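A.B. asks: Provided below are the primary sequence and the corresponding predicted coordinates.
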Amino acid sequence: MKDYTYNKKIITDVIEKLKEKNIDLYLIITSEGCDPMTTFIPGVDTVGSSAFLFTKDEKKIAIASKIDAQDVQESGLFDQVITYESYDTTLAETVRKLAPDMIALDYSEAIPFCDGLTMGKYNKFAKSLEGYIFHICSADLFIPEVQEKYKG
């Protein structure tokens, strides 16, 4: 079994940056490893559509397919692992329950590593939250700082 000690430290540092920058939620939306960020945070591989949610009040939630859920649970990185029948509905319900105002997403004009969220996935996510008002910012506001700490 993989040792996730390194990843736990990264998650802790990311949550500290969320607090520092007053960002309510960092949301990674991925499937089949399409977002390069997942190699850094959380460091768990998934095949199906997945989401990793980290909040400034230290909640760590994963949404994973039934096929991926066991590996995600066994990582020990998350307080809660939610499996789904409908990915989009489950993600939208989870975000609504967390009630974030500011959501950091993986898009960036300047830093390719922070630019893993496709426009299609973003539009689908935004549509699933129709009527819910939120603001977005780029994860490039804090991920490079965290990465710098782990270089070398």
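C.D. replies: Good, I have the coordinates.
A.B. asks: okay, buried residues for stretch 127-138 please.
C.D. replies: Neighbour counts over stretch 127-138 (16 or more other Cβ atoms under 10 Å) mark 128-129, 136, 138 as buried. The way it works is simple: take the backbone N, C-alpha and C, and place the C-beta from them, glycine included.
A.B. asks: go ahead and produce CSV holding the CA coordinates of that stretch.
C.D. replies: The C-alpha coordinates for stretch 127-138 follow below in CSV (Å, rounded to 0.1, in the frame of the first residue of the first chain):
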residue,chain,number,x,y,z
LYS,A,127,-24.9,24.4,-14.9
SER,A,128,-25.4,21.8,-12.1
LEU,A,129,-25.3,24.6,-9.6
GLU,A,130,-27.8,26.8,-11.5
GLY,A,131,-29.3,29.3,-9.1
TYR,A,132,-26.5,29.0,-6.6
ILE,A,133,-24.3,32.1,-6.5
PHE,A,134,-20.6,31.6,-6.0
HIS,A,135,-17.3,33.3,-7.1
ILE,A,136,-14.3,31.5,-8.5
CYS,A,137,-10.6,32.1,-8.4
SER,A,138,-7.6,30.2,-9.8
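A.B. asks: out of the buried residues of stretch 127-138, list just those in helices.
C.D. replies: Residues of the buried residues of stretch 127-138 located in helices (DSSP state H): Ser128.
A.B. asks: out of the buried residues of stretch 127-138, which comes closest to Glu145?
C.D. replies: Glu145 has its nearest neighbour among the buried residues of stretch 127-138 in Ser138, at 12.9 Å by Cβ to Cβ.
A.B. asks: now that closest one. Nearest residue, chain neighbours left out?
C.D. replies: Once flanking residues are discounted, Ser138 sits nearest to Ser108: 4.9 Å by Cβ to Cβ, 6 or more residues apart in numbering.
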